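Asker: Following is a predicted model, sequence given first.
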Amino acid sequence: MAQFTRVSRSVGLITLQNPPVNALSAVTRQGIVDAVKSALGDPKVKSVVICGQNGIFCGGADIKEFGTNITGPPLVPMIHAIEASNKPVVAAIEGSAFGGGLELALGCHYRVAHSKAKLGLTEVTLGLLPAAGGTQRLPRLIGVPAALNLITTGRHVTAAEALQLGIVDQVTDHNTVDEAVKFALSVAGKSLDARRISTYPCPRPSDVDALFEEVMQKVRQSARGAIAPIACVQAVRAAATLPYSQGMEREQELMATLFTSGQARALQYCFFAQRAVGRWSMPSGARWDTSKPRSIRKAAVIGLGTMGRGIAVALAQAGLSVVAVETQEKQFTEAKKMVSGMMERGAKRRGTAPPLDKITYSQNIQAVADVDLVIEAVFEDMALKEKVFQQLSTICKQGTFLCTNTSALDVDHLASQTRNPELVVGMHFFAPAHVMKLLEVVYGPRSSPQAVATAMQLGKKMGKVSVAVGNCRGFVGNRMLKPYLEQALFLLEEGATPELVDGALEEFGFALGVFKMSDLSGLDVGWKIRKGDGLVEPGLASGPSARIRQGRRYSPLGDLLCEQGRFGQKTGQGWYRYDKPGSRVARYDPWLHSFLEEYRTQHGIVARRMDQQEVLERCLYALINEGFRILEDGIAAGPEDIDIIYVFGYSWPRHRGGPMFYASMVGLAKVLKRLEHYHQAHPDIPYMQPCNLLRRLVASGSPPVHKWKEAIKKLRSQL
Ligand SMILES: C/C=C(\C)C(=O)SCCNC(=O)CCNC(=O)[C@H](O)C(C)(C)COP(=O)(O)OP(=O)(O)OC[C@H]1O[C@@H](n2cnc3c(N)ncnc32)[C@H](O)[C@@H]1OP(=O)(O)O
């Protein structure tokens, strides 16, 4: 709702009251319409201020209403009535003014913002466009290039930048509402002719066609198949080329196509899923709201390889004191230099001072004796990690949380090396750890709720999206990646090329296809793991049995490349060829293609043609099937956890909502049918055998993704 009061005798104050973010729900819109009517009808009111309660102006349209039959007064005429008012209306912006919130402010005649406020037309991040006049007013106010930048990215601007761009008229460090009231008193009775943005001519760039063509090309490239940014460009083009009323019609038309699109549903699902993962629970019944985290002031990182360095930087940037330990001399010297460089570059980007003094370095593990939490990031070797955990358990003060950054190893086994296994959890960061947003917090059967709560809170402090998951080989992300990578190799054996597979996945929306990604990460990483698992058999025996290992189909292609020293980008050769070691542009490699042909001949495989559809189905459905197994095993609490891991850690295209959401959009029955088909065709690939949970969900009528958690609980209780 919205409340109308009169302050300073002649200022009508309209306060949006819809906690927590004053979203523009039907009731709130009705409240605003009524309050504006009261203010304009009150002869004592000479000017009006619109603000939001609890320090936040407005979080925009109520996203929860989008999937429903929307009632109440629409935003466009409501904002238009405010702009058309003959009494000056001032927006008092505290906290956030996002989406429809900023559009409401743009309908006001003046805007006063607190210095800490953030503003943005964020609709594009939800698969929409600013359809309450935002695409038509903003370019008229700040010009086409700046408006295009804000509208197509949805980025948040600070009050200072908003002032510089001309979005706000005044920035204050004081009480924003008081300042806005003063402002409103000062403009009462003044002409509003020059204050209604919709009446401004849109500044027309000299060569509109060339500008929009260039922007469209850039946006298409970065959108990776998302349609909303493209519609945003089209809407702004309408502002630059059409009168306001026709521009508004175009805005509405474009919005109508987006509103019901699967992409908007996917992006809105991601918005809520990202928040839902913070409300974690464990099979023991422990939960986010009943488990109290401990405050961590001083932390240690053991091992300053690539991951350890990134983790140390992330901790220091979050304001913690960090003890960084590396026992190897060469790595120690190199790491100190690298870490300082990373912090300096980060600080330069943010315009702050680098927190260099937050980190102390040591070559002696004893230096961690007084820290509150340790993150072990040594080489991925169980024997080495066991030793580190045994040492930590004796060195650290009572109650220190011991965390491992392992990406796949058994967290419970590491816990068993310590005196207090309840203090042990996994904190699985993604490279580069100071940049990537995802953190998997892995609990073992003995991890205490407090240890999980503490790791989750620490992740939040570091600006991460933290997801609590159970302990199994590869946890959620890497466990699901295995069948995906495996399928890609099998496709190559059967006749595909890295270009075909990567092309299909990149068209689907991944930033990099599976082979380019492997070249980037380094092929030797997986090779070492496979060697450890006893899967690698050097030499190339022929015949089908050479491709069966441990009773299931196996492709040695990756091993054969590694045997040739082809480790990917770092060696200049992998699945592609690079101009020199370390180069990033993947080029077609004739050697690889002859190698694949030779391999097929040697193994009696007749290459067949395959299309992008098969590539997508085999790679993605194998991954999704494993996702269902993870849900069945209770390793992830719900589909949202899996989806957020994939969107934030594995570049799954956000506009497709994550693998489990994608499966629900494709239709569970179809996913099941295709898995059955591929399993029949390839009975030696166990990953293709449809998971029981998937079968049971289909049998129970394929409930929508937001009902899976409940359905799984019910299915479990029937067992
Ligand atoms: C056409 C379309 C138009 C006109 C639109 O306006 S589309 C909506 C555009 N608005 C946004 O994109 C803003 C979305 N919200 C945020 O970015 C943030 O919530 C915030 C910056 C406003 C506040 O952040 P924070 O303080 O961290 O709080 P949370 O993000 O955790 O949010 C708190 C709860 O509020 C729910 N919420 C937030 N925004 C909306 C909204 N616009 N509609 C409905 N609900 C909203 C959010 O989901 C949290 O609730 P729970 O999920 O935890 O129950």
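Answerer: Yep, it's here. Just so it is clear, the model here is predicted, and its values are computed rather than measured.
Asker: Identify the residues contacting Val27.
Answerer: 1, 18, 72 (C-beta atoms under 8 Å, 6 or more residues apart in numbering). All C-beta atoms are positioned from the backbone trio N, CA, C, and that covers glycine.
Asker: Following element in sequence after whichever helix or strand it is part of, please.
Answerer: Element membership for Val27, per DSSP states H and E: helix 26-41. Where DSSP H and E defines the elements, the next helix or strand beyond helix 26-41 is strand 47-52.
Asker: quick one: that following strand to helix 26-41, angle?
Answerer: Per axes from the mean of the first three to the mean of the last three C-alpha atoms, to 10 degrees, the angle that strand 47-52 makes with helix 26-41 is 160 degrees.
Asker: And for strand 47-52, what's in contact with it?
Answerer: 7, 10-16, 22, 32, 36, 39-40, 57-58, 82, 85, 87-92, 94-95, 101, 104-105, 108, 176-177, 180-181, 184-185, 187-188.
Asker: Give me the neighbour count for Arg204.
Answerer: Burial of Arg204 is recorded as 14 neighbouring residues (other C-beta atoms under 10 Å).
Asker: no wait, Val181
Answerer: Residues near Val181, counting by other C-beta under 10 Å, number 22.
Asker: residue contacts, the closest residue to the ligand within the stretch 351-500 of the chain?
Answerer: Distances between the stretch 351-500 of the chain and the ligand by C-beta to the nearest ligand atom are smallest at Lys460, namely 10.2 Å. By C-beta under 8 Å, 6+ apart, the contact set of Lys460 is 278, 466.
Asker: go on, the one 4 residues further on?
Answerer: Going by C-beta under 8 Å, 6+ apart, Lys464 touches 314, 437-439.
Asker: ditto for Ala162
Answerer: Ala162 neighbours (C-beta under 8 Å, 6+ apart): 113, 117, 119, 168, 171.
Asker: need those residues in JSON lines with secondary structure and distance to the ligand, can you?
Answerer: Formatted as JSON lines, the contacts of Ala162 follow (DSSP: H, G, I helix; E, B strand; the rest coil; distance: C-beta to the nearest ligand atom, whole Å):
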{"residue": "Ala113", "secondary structure": "strand", "distance to the ligand": "15"}
{"residue": "Ala117", "secondary structure": "coil", "distance to the ligand": "11"}
{"residue": "Leu119", "secondary structure": "strand", "distance to the ligand": "11"}
{"residue": "Val168", "secondary structure": "coil", "distance to the ligand": "17"}
{"residue": "Val171", "secondary structure": "strand", "distance to the ligand": "19"}
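Asker: For those residues, give me CSV that also has pLDDT, distance to Ser407 and neighbour count.
Answerer: Output for these, formatted as CSV (pLDDT from 0 to 100; distance: C-beta to C-beta, whole Å; neighbours: other C-beta atoms under 10 Å):
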residue, pLDDT, distance to Ser407, neighbour count
Ala113, 98, 43, 30
Ala117, 98, 40, 27
Leu119, 98, 39, 27
Val168, 98, 45, 25
Val171, 98, 45, 21
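Asker: out of the residues you listed, who's nearest Ile375?
Answerer: Ala117 (35.0 Å; C-beta to C-beta).
Asker: Figure out the helix or strand that the most centrally placed residue in the chain lives in.
Answerer: In the chain, the C-alpha nearest the mean C-alpha coordinate belongs to Phe648, at 3.8 Å (C-alpha atoms, centre = their mean). Element membership for Phe648, per DSSP H and E: helix 639-649.
Asker: sorry, back to before: give me the pLDDT value at the residue of the stretch 351-500 of the chain closest to the ligand.
Answerer: At Lys460, the model reports a pLDDT of 97.
Asker: Against which helices or strands is the helix holding Phe648 packed?
Answerer: Judged by 3 or more C-beta pairs under 8 Å, 6 or more residues apart in numbering; DSSP states H and E, helix 639-649 is in contact with helix 262-276, strand 438-443, strand 465-470, helix 477-494, helix 612-632, helix 659-666.
Asker: Quick check: residues of this structure near the ligand?
Answerer: For the chain, the contact set with the ligand under C-beta under 6 Å from any ligand atom comprises 20-21, 23, 59-64, 96, 98-100, 122-123, 126, 128, 131-132, 272, 275.
Asker: Now list the buried members of these.
Answerer: Neighbour counting over the residues of the chain next to the ligand (16 or more other C-beta atoms under 10 Å) leaves 21, 23, 59-63, 96, 98-100, 122-123, 126, 128, 131-132 as the buried ones.
Asker: Where helices are concerned, which of those count?
Answerer: Gly100 (DSSP state H).
Asker: still on that earlier bit, in contact with the residue nearest to the centre of the chain, which residues are there?
Answerer: Phe648 is in contact with 436-438, 465, counting by C-beta under 8 Å, 6+ apart.
Asker: Show residues contacting the helix or strand hosting Lys714.
Answerer: Using DSSP H and E, Lys714 maps to helix 708-718. Contacts to helix 708-718, defined as C-beta under 8 Å, 6+ apart, come from residues 631-632, 637-639, 660, 664, 693, 696-697, 700, 703.
Asker: Stretch 494-509 too?
Answerer: 224-226, 488, 491-492, 512-516, 575-576, 588, 592-593, 596, 600, 605, 607-610, 612, 615-616, 619-620, 652-653, 655-656.
Asker: Quick check: helices, which of the residues you listed are part of them?
Answerer: For these, membership in helices holds for 488, 491-492, 514-516, 592-593, 596, 600, 612, 615-616, 619-620, with DSSP H as the criterion.
Asker: which of those lies closest to Gly305?
Answerer: Nearest to Gly305, judged by C-beta to C-beta, of the ones in helices among the contacts of stretch 494-509 is Lys516 at 23.1 Å.
Asker: wait, doesn't the closest one sit right on Ala586?
Answerer: Yes: contact criterion C-beta atoms under 8 Å: Lys516 and Ala586 qualify, at 5.2 Å.
Asker: And the strands in the stretch 351-500 of the chain?
Answerer: Along the stretch 351-500 of the chain, counting by DSSP state E, counting those that start in this stretch, strands occupy 359-362, 373-376, 401-404, 424-429, 438-443, 465-470.
Asker: Please name the strands paired to the last one in the sheet, noting orientation.
Answerer: Pairing partners of strand 465-470, with direction, according to DSSP bridges: strand 438-443 (parallel).
Asker: And for the second one?
Answerer: Note on strand 373-376: by DSSP bridges, its sheet partners are strand 298-302 (parallel), strand 401-404 (parallel).
Asker: ditto for the fourth one
Answerer: Each strand paired with strand 424-429, and its direction, by DSSP bridges: strand 401-404 (parallel), strand 438-443 (antiparallel).
Asker: Whichever of the contacts of strand 47-52 end up buried, select them in ChimeraX.
Answerer: To isolate the buried subset of these in ChimeraX, counting by 16+ other C-beta under 10 Å, use the following:
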select :10,11,12,13,14,15,16,22,32,36,39,40,57,58,82,85,87,88,89,90,91,92,94,95,101,104,105,108,176,177,180,181,184,185,187
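Asker: so where's the stretch 401-550 of the chain shaky on pLDDT?
Answerer: 539-541, 543-544 (pLDDT under 70).
Asker: ok, which stretches of the stretch 301-450 of the chain are helices?
Answerer: 306-317, 329-350, 382-395, 411-415, 449-461 (DSSP state H, counting those that start in this stretch).
Asker: And this protein, split by domain according to the record?
Answerer: Domain assignment for the chain by automatic domain parsing gives 2-259, 298-475, 496-602, 612-634+637-718.
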